[in-house]
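**Q** Generate coordinates for the sequence data below:
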Amino acid sequence: WVNDLDIFLTSPTGVEVELSTGNGAAFAQDYIDTTFDMDATIPITGAAAPFTGTFLPEGDLNDFNGDFSVGTWTLTVTDT
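**A** A predicted model of the protein is given here:
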């Protein structure tokens with residue numbers, strides 16, 4: 001169930017940005033070809049699952065500006 005998921009992206013230097021936390025209706029399923037983009041017009045918090053397309057994340061991807069792109073990036077998905 002998508003509303004059980006907490007999704008964060010962490011840069012190689014440890015900057016963490018929240019992509020989606022607890023979004024979607026109870027028993028709703030799937031992130032299908034989902035892209036998070038600061039230029040998106042639909043916030044993930046206002047969308048319905050299955051999440052297909054491009055969405056504005058909950059956090060600000062601009063927090064990564066000036067960060068190193070080289071290194072290990074970590075996508076963390078927790079089922080709460």
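**Q** Quick check, central residue of this structure?
**A** Nearest to the geometric centre of the chain sits Leu19, at 2.3 Å (CA atoms, centre = their mean).
**Q** That one: what secondary structure?
**A** Assigned with DSSP: H, G, I helix; E, B strand; the rest coil, Leu19 falls in the strand class.
**Q** pretty sure it is touching Thr10, no?
**A** No. Leu19 lies out of contact with Thr10 (CB atoms under 8 Å); the separation is 10.7 Å. Quick note: C-beta positions are derived from backbone N, CA and C, even for glycine.
**Q** Strands along this structure, start to end?
**A** Applying DSSP state E to the chain gives strands spanning 5-10, 16-21, 31-36, 51-55, 74-79.
**Q** Could you report the pLDDT at the residue lying closest to Ile44 once chain neighbours are set aside?
**A** Once flanking residues are discounted, Ile44 sits nearest to Phe55: 4.2 Å by CB to CB, 6 or more residues apart in numbering. Looking at Phe55, its pLDDT stands at 98.
**Q** What distance do you get for Phe55 to Tyr31?
**A** Taking CB to CB, to the nearest Å as the measure, Phe55 falls 10 Å from Tyr31.
**Q** Between these two, which is the more surrounded one?
**A** The neighbour count for Phe55 versus Tyr31, taken as other CB atoms under 10 Å, is higher for Phe55 (23 against 20).
**Q** Distance-wise, check Ala25 relative to Trp1.
**A** Ala25 is 9 Å from Trp1, by CB to CB.
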